[in-house]
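Peer 1: Here is the input, now give the coordinates:
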Amino acid sequence: MSTRSPDNSADLLRSEAFRVVAPVTGIAELDHVVSLMARFCDGPEHRDRRAVVVEALGRIDDEALLRRSHQEAAKLLAVDPDSDITALARRVILATLGTSLGFDTTADVVGAMLILSATLAPESGVMAPRAATVTRALEVALEGAPSDTLVGRANLVASLFQAVDATAGLVTNTLVAAAAAGSGSARDVPAMVVETLDCDPPVRCTRRMAAEPALSFANRSFELGELAIVPLTDRGLAFGTGPHECPGQRAARALATGIVEAVLAAGGVVTGAPTYEERSNLRIVAAQKLRRTEEERAT
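Peer 2: The predicted structure follows:
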């Protein structure tokens, strides 16, 4: 396979001729931390930084993570059975994954990460927080991360940032599919999650930058420094591939399975035609209240 002219998304993601693209927020402290994240660098630095993430995620017991996400979601649903499913999913993901990664839960890491996520994903529809608010959220997230080095803390924060929206999208899209199929709590939820990854993946595309001149992809030519939008909707590409393939696949499946199981067990359903957040790279249901099945309302 030539790395200069990849023929499809998988080839491009494995190609050294295209590089990852880091977001630029204009907030110096945050942009510096982003530059330390494995997700946004290539080469030897990427391999070393990715190893921090792989090691941390590798220590997580997937079954325990599934149980914790189920319990946390069930607890929130008991307080508010008609919860906004997207907001609920985001909070459960950050709380349970953060705890599993060893974050200091005495700090408001969940709130801090929601602020950072909105800042690093400007298409989220959330009004961009003020720089001072973002800087304070970054401090809280880094202080809560269990590492002695800034690079280590940055990459643990990145693990949460990468997980929150993509996994919340996996939750909402699985629930949409369950509602369309009339599936109740007896359905095989792990299989539903896998099916959603194949048929309605939350991450729709990613970006790469041409690192060489005169490259081509998808019937287009790219000059040095030009951006390529790489679709991830082909079966088997939900987590990407190549050096930047998502290291949190097992955690994402466990988190989504636990939350969906809790919602279905509580009789929660997504009603009507869902609307989606206006995101070019992500398919995630916009703020939408759950409704309970008639059986649950009668109990």
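Peer 1: Strands along the stretch 101-250 of the chain, start to end?
Peer 2: 205-210, 215-217, 220-222, 227-231 (DSSP state E, counting those that start in this stretch).
Peer 1: got those strands as CSV, with distance to A56 and mean pLDDT columns?
Peer 2: All C-beta spots, glycine's among them, are computed from the backbone N, C-alpha and C. CSV is the format used below for the strands of the stretch 101-250 of the chain (distance: least, Cβ to Cβ, whole Å; pLDDT from 0 to 100):
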stretch, distance to A56, mean pLDDT
strand 205-210, 22, 94
strand 215-217, 33, 85
strand 220-222, 35, 88
strand 227-231, 26, 92
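Peer 1: Need those in JSON lines (columns: mean neighbour count and distance to G144).
Peer 2: Formatted as JSON lines, the strands of the stretch 101-250 of the chain follow (neighbours: other Cβ atoms under 10 Å; distance: least, Cβ to Cβ, whole Å):
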{"stretch": "strand 205-210", "mean neighbour count": "18", "distance to G144": "28"}
{"stretch": "strand 215-217", "mean neighbour count": "20", "distance to G144": "40"}
{"stretch": "strand 220-222", "mean neighbour count": "15", "distance to G144": "40"}
{"stretch": "strand 227-231", "mean neighbour count": "16", "distance to G144": "33"}
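Peer 1: will you turn those into a markdown table that also has distance to V21?
Peer 2: As requested, the strands of the stretch 101-250 of the chain are arranged in a markdown table below (distance: least, Cβ to Cβ, whole Å):
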| stretch | distance to V21 |
| --- | --- |
| strand 205-210 | 5 |
| strand 215-217 | 15 |
| strand 220-222 | 13 |
| strand 227-231 | 7 |
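Peer 1: for those strands, which one sits closest to D198?
Peer 2: D198 lies closest to strand 227-231 among these, at 14.3 Å (Cβ to Cβ).
Peer 1: List the strands paired with that closest one, with their directions.
Peer 2: Applying DSSP bridges, strand 227-231 is found paired with strand 205-210 (antiparallel).
Peer 1: Show me how far the partner strand is from its chain's centre.
Peer 2: With Cα atoms, centre = their mean, to the nearest Å as the basis, strand 205-210 stands 17 Å off its chain's centre.
Peer 1: low-confidence ranges in the stretch 101-250 of the chain?
Peer 2: 106, 122-128, 183-186 (pLDDT under 70).
Peer 1: what about the helices in it?
Peer 2: Per DSSP state H, counting those that start in this stretch, the stretch 101-250 of the chain carries helices over the ranges 109-120, 131-144, 150-181, 189-199, 249-265.
Peer 1: Of the ones you listed, flag the one that's most buried.
Peer 2: Greatest average neighbour count among the helices of the stretch 101-250 of the chain goes to helix 249-265 (a mean of 25), per mean count of other Cβ atoms under 10 Å.
Peer 1: by contact count, what packs against the helix or strand just after that one?
Peer 2: As assigned by DSSP states H and E, the chain's next helix or strand after helix 249-265 is strand 268-269. Using 3 or more Cβ pairs under 8 Å, 6 or more residues apart in numbering; DSSP states H and E, the elements in contact with strand 268-269 are helix 150-181, strand 291-292.
Peer 1: No further queries at this time; thank you.
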